[in-house]
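Enquirer: Structure for the following, please:
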Amino acid sequence: MDRHTVEGWTCTYHGLHDGTKVTIKAARDDTHPERYGWTCTCGVSHRSSSYYDCDRSALRHAYPTLLDRLRQWAARQFRTRRAR
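Expert: Got it, this is the predicted structure:
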């Protein structure tokens, strides 16, 4: 097998974004300099050189902390105020 075409480690996370169910698929791809990455069904993706960084950021994207949710809420409030 050619190691440049084989994807090894894969993982799937399920979570919620504003009440909408999302799926995050994380995988290892040896063809990129940053081997580990994840993609969410909401359109966000992230690449990392470390398994631990990739795993941590995918979990935090699937299950945001209270502080993350507060930041998201504040960003939505400021966007709607600017649009008026």
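Enquirer: Every contact and neighbour count from this point should use C-alpha atoms.
Expert: Fine.
Enquirer: Which element, helix or strand, includes the most centrally placed residue in the chain?
Expert: Centroid check for the chain by C-alpha atoms, centre = their mean gives A58 as the closest residue, at 4.3 Å. Taking DSSP states H and E as the criterion, A58 maps to helix 51-62.
Enquirer: That helix: how far from the chain's middle?
Expert: The chain centre lies 7 Å from the centre of helix 51-62; the measure is C-alpha atoms, centre = their mean, to the nearest Å.
Enquirer: Need the residues that contact it.
Expert: For helix 51-62, contacts defined as C-alpha atoms under 8 Å, 6 or more residues apart in numbering pick out 13-17, 22-24, 26, 36-38, 46-48.
Enquirer: Where does pLDDT dip in this structure?
Expert: 1-8, 81-84 (pLDDT under 70).
Enquirer: got the residue ranges for the strands in it?
Expert: Residue ranges of the strands in the chain, as given by DSSP state E, are 7-17, 20-29, 36-40, 45-48.
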